[in-house]
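Visitor: Got a sequence here, can you build the structure:
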Amino acid sequence: MFAALQSNAWMYPALEVVHIVGIALLVGNLIALEMRVFGRADALPVEAMARLSLSIALAGFALAAASGSLMFATQPAELLSNRAFIAKMGLLVFAGCNAAWFHARGSLRKLDALARIQMLMSTAIWLAVVFCGRWIAY
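Guide: Numbering: from 1, shown residues only. Modelled structure (predicted):
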């Protein structure tokens, strides 16, 4: 499997496309939910919007994680020595901790100042993940 990814001219780029689509689904839906929480499209109930956008965001995360794992497997030594990759992995852990804290405290029901700060932090973290991911190639 990994040999095919390395030897076939189109398989690795196709995997990168899957990775980017996963990231777009994830980040796009988190930003859409954040926009709703901050008052845009206020005719949409937050709970319904959250169910839809978070389920799509989770599917995007699953795509990005699966494709990212396969890409990692093709060159683990190089990636483990890449500072941008290490920063990206740290940011992913931070994003997961922030999401766990957000949901554990019931932030979607409260939508208080802390919930809004957590949402802004989430968007900033994910944008930093994208930045680091792009920087890995350089």
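Visitor: what ranges of the protein fall below the confidence cut-off?
Guide: The model of the chain has pLDDT under 70 over residues 1-6.
Visitor: For it, which segments count as helices?
Guide: Along the chain, the segments classed as helices by DSSP state H run 2-7, 11-37, 46-74, 76-80, 83-104, 107-110, 113-135.
Visitor: from what I can see Trp101 touches Met121, true?
Guide: No - in this structure Trp101 lies outside contact range of Met121 using C-beta atoms under 8 Å: 9.8 Å. Every residue, glycine included, has its C-beta placed from N, CA and C.
Visitor: Let me see the contact set for the closest residue to Val27 other than its chain neighbours.
Guide: Counting by C-beta to C-beta, 6 or more residues apart in numbering, the nearest residue to Val27 once its immediate chain neighbours are dropped is Trp126, at 4.9 Å. Neighbour list for Trp126: Leu26, Val27, Leu30, Ala95 [criterion: C-beta atoms under 8 Å, 6 or more residues apart in numbering].
Visitor: repeat for Asn82
Guide: Asn82 makes contacts with Ile136, as judged by C-beta under 8 Å, 6+ apart.
Visitor: buried ones in stretch 119-130?
Guide: For stretch 119-130, burial by neighbour count (16 or more other C-beta atoms under 10 Å) applies to Met119, Ser122, Thr123, Ile125, Trp126, Ala128, Val129, Val130.
Visitor: ok, which pair from those is furthest apart?
Guide: Using C-beta to C-beta, the pair of the buried residues of stretch 119-130 lying farthest apart is Met119 and Val130, separated by 16.9 Å.
Visitor: give me every residue that touches the closest residue to Trp135 other than its chain neighbours.
Guide: Distance criterion C-beta to C-beta, 6+ apart; nearest residue to Trp135, sequence neighbours excluded, is Ala84 at 4.0 Å. The contact partners of Ala84, by C-beta under 8 Å, 6+ apart, come to Cys132, Gly133, Trp135, Ile136, Tyr138.
Visitor: Which one of the residues you listed is nearest to Arg36?
Guide: Among the contacts of Ala84, Gly133 lies closest to Arg36 (C-beta to C-beta), at 26.2 Å.
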